[in-house]
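Asker: What follows is a protein structure lacking sequence information:
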């Protein structure tokens, strides 16, 4: 069965950095593009960044461009999100999933990121 296990979140001051990890299982990870999404309190889930199946080609939301970097390790079935220069508005629960249009209806527990002084 499909599983997404996100980790690496926490409380960080504005301007700080975090590296999120998402270990996946239950599907052919290396065959699919992957994305990170986030959901802030009272808001809909939004797309943060995407990476193609083989890595190397990525895209990101305008709000995080130049600050967040998505990467993957197909040997470990893991996708990462390096987040630098964090801002209070980055506070959210972060999730990984297959990129659209392959996104599963199932979501992992996510990892909480809180940016506050």
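Answerer: Happy to help now that I have it. Because the structure is predicted, anything quoted here is derived from the model rather than measured.

Asker: thought residue 26 was touching residue 32?
Answerer: No. Residue 26 is beyond contact range of residue 32, at 11.8 Å (criterion: C-beta atoms under 8 Å). Any C-beta I mention is one placed from the backbone N, CA and C, and that applies to glycine too.

Asker: and these two? which has more neighbours close in?
Answerer: Counting neighbours by other C-beta atoms under 10 Å for residue 26 and for residue 32 shows that residue 32 has the greater number, 16 against 12.

Asker: per-residue confidence for the spatially closest residue to that one that is not a sequence neighbour?
Answerer: Closest residue to residue 32 apart from its sequence neighbours, by C-beta to C-beta, 6 or more residues apart in numbering: residue 98 at 4.8 Å. pLDDT for residue 98: 96.

Asker: Who does residue 98 form a beta bridge with?
Answerer: In this entry, residue 98 is beta-bridged to residue 34, by DSSP bridges.

Asker: For it, the count of nearby residues, please.
Answerer: Neighbour number of residue 98 under other C-beta under 10 Å is 21.

Asker: do the same with the one 10 residues further on
Answerer: By the other C-beta under 10 Å criterion, the neighbourhood of residue 108 contains 18 residues.

Asker: Just the pLDDT for it.
Answerer: Looking at residue 108, its pLDDT is 96.

Asker: Quick check: bridge partners of the closest residue to residue 78 other than its chain neighbours?
Answerer: Nearest residue to residue 78, sequence neighbours excluded (C-beta to C-beta, 6+ apart): residue 23, at 5.2 Å. Under DSSP bridges, the beta-bridge partners of residue 23 are residue 5, residue 78.
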